[in-house]
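Chemist: Pasting the sequence and the predicted coordinates here, then a few questions.
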Amino acid sequence: MEPIGRSIRKLSGGNFEKRLEALMQEVLEDSRIQAFLSKQNGLTEAQIERHLNDLFQYKKEWANCDRCPGLENCPNLMQGYQPELKMYRDDIQVSYHPCPLKKKADERKRQASFIKSLYIPKEIVAVTFKDIDQDNASRVTAIKKALQFSQETKPGEDGKGLYITGSFGVGKTYLMGAVSNALAEREIESMIIYTPDFFRELKQGITDGSYQDKLETVKRVPVLILDDIGAETMSAWVRDDILGALLQYRMMEKLPTVFTSNYDLDELETHLTYTNRGGVENIEVLKAKRIMERIRHLNEEIAMKGTNRRTYNA
């Protein structure tokens, strides 16, 4: 930033003193500067003149803030920061602090760090409970239960979760985005996973050796949201070595798991029974029941009804 005195000399055509005096008057007429100077005792005109450059920049940047063009278009030297006048060792000093828009943006980034997702659209993880329509009784109930869970869950102390069931497009995944954001406000980490794609990735991970690390990451997340469980192609390996191991670990560690599904709990049990082996054997029935026993014990089933909202926001 070029010193203001030098700029005046360039533009004043030799009339430097008059221009400096006019600028001094302009700066001193600023209401914020007046309020600051009125609280200081013993400040001399020489001190004020010495910091005229700082005071002029202070006035200019507050003028930018008064007609704020938004954080991304902020013209201040430090984007998103507002100047503040202080006294330091009997001299004027300008410091900077984040403006309200900058604080909100930083808070959103901080909260976003608590939300992880796999194969979930970006707009889903930006949803809050305020964004969700309460247009029928089942949605109201689901929203209340999800909000209560978000406010009360204590990973590591209470492993109870939710099982949200409903037909295509009623807003189950949308609701999970709101849950994640509410948890982030409490600084609780969550992960939303589109279950079919995650299971496929784990299968591919056997080849490249990444399978165990990926499974461990998901097992240990404080709140896990398995979206659209039941939409995957079921196999004995997926059921027993992935889903079974995942739920067993989380149950033992009291880590909540939340599910969404087009199936109710009875239908999911049937889905888990039929594997790609092509038939149903007694052992398959028992293994499916074992997994479903964990899910039923730890998750409250909530039916969410409504029309297919995929063509517009929930």
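Modeler: Done, it's in. Residues are numbered from 1 along each chain as shown.
Chemist: moving C-terminal of the helix-or-strand element of the chain with minimal mean pLDDT, what's the next helix or strand?
Modeler: The helix or strand of the chain with the poorest confidence is helix 4-11; it has a mean of 44 (mean pLDDT, DSSP states H and E). Helices and strands here follow DSSP states H and E; after helix 4-11, the next one along the chain is helix 16-28.
Chemist: pLDDT of that next one, averaged?
Modeler: For helix 16-28, mean pLDDT is 77.
Chemist: Show me what that helix is packed against.
Modeler: On a contact count with 3 or more C-beta pairs under 8 Å, 6 or more residues apart in numbering; DSSP states H and E, helix 16-28 meets helix 4-11, helix 31-38, helix 45-50, helix 52-66. From N, CA and C alone the C-beta is placed, and that goes for glycine too.
Chemist: Over to Gly80: give its phi and psi.
Modeler: phi 90, psi 10 (degrees, to the nearest 10).
Chemist: With the one 4 residues further on instead?
Modeler: Listed backbone geometry of Glu84 is phi -140, psi 130, with angles given as degrees, to the nearest 10.
Chemist: Wait, it touches Gln93, no?
Modeler: No - applying C-beta atoms under 8 Å as the test, Glu84 and Gln93 come out as separate, 9.1 Å apart.
Chemist: Could you dump the helices and strands packed on helix 16-28 into a markdown table and include mean neighbour count and distance to Arg309?
Modeler: As requested, the helices and strands packed on helix 16-28 are arranged in a markdown table below (neighbours: other C-beta atoms under 10 Å; distance: least, C-beta to C-beta, whole Å):
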| stretch | mean neighbour count | distance to Arg309 |
| --- | --- | --- |
| helix 4-11 | 14 | 58 |
| helix 31-38 | 13 | 49 |
| helix 45-50 | 12 | 62 |
| helix 52-66 | 17 | 40 |
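Chemist: will you turn these into TSV that also has distance to Leu23?
Modeler: Shown next, in TSV, are these (distance: least, C-beta to C-beta, whole Å):
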stretch	distance to Leu23
helix 4-11	7
helix 31-38	12
helix 45-50	10
helix 52-66	7
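Chemist: closest one to Gly230 among the ones you listed?
Modeler: The minimum distance between Gly230 and the helices and strands packed on helix 16-28 falls on helix 52-66, with 52.5 Å, by C-beta to C-beta.
Chemist: Tell me the buried residues in stretch 164-172?
Modeler: Neighbour-count burial for stretch 164-172 flags Ile164, Thr165, Gly166, Gly169, Val170, Gly171, Lys172 (criterion: 16 or more other C-beta atoms under 10 Å).
Chemist: Ala236: which of these is nearest?
Modeler: The nearest member of the buried residues of stretch 164-172 to Ala236, counting by C-beta to C-beta, is Thr165 at 24.1 Å.
Chemist: returning to that earlier point: in strands, which of the buried residues of stretch 164-172 appear?
Modeler: Those of these mapping onto strands are Ile164, Thr165, per DSSP state E.
Chemist: Report the lowest-confidence entry in the buried residues of stretch 164-172.
Modeler: Lowest confidence among those: Gly169, with 82.
Chemist: Show the backbone phi and psi for the nearest residue to that residue once chain neighbours are set aside.
Modeler: Computed as C-beta to C-beta, 6 or more residues apart in numbering, the closest residue to Gly169 that is not its neighbour in sequence is Asn308, at 3.5 Å. Asn308 has phi and psi values of phi -70, psi 120 when expressed as degrees, to the nearest 10.
Chemist: close enough to count as contact, Asn308 and Gly166?
Modeler: No - the pair Asn308 and Gly166 fails to qualify as a contact (C-beta under 8 Å) at a distance of 10.3 Å.
Chemist: contact partners of stretch 202-219?
Modeler: Defining contact as C-beta atoms under 8 Å, 6 or more residues apart in numbering, one finds that stretch 202-219 is touched by Met191, Ile193, Phe198, Glu201, Leu224, Trp237, Val238, Ile242, Ala245, Leu246, Tyr249, Arg250.
Chemist: Scan those residues and report the most crowded one.
Modeler: Arg250 (24 neighbours; other C-beta atoms under 10 Å).
Chemist: Could you pull up the contacting residues of it?
Modeler: When contacts are taken as C-beta under 8 Å, 6+ apart, Arg250 is in contact with Gly159, Lys219, Leu224, Pro256, Thr257.
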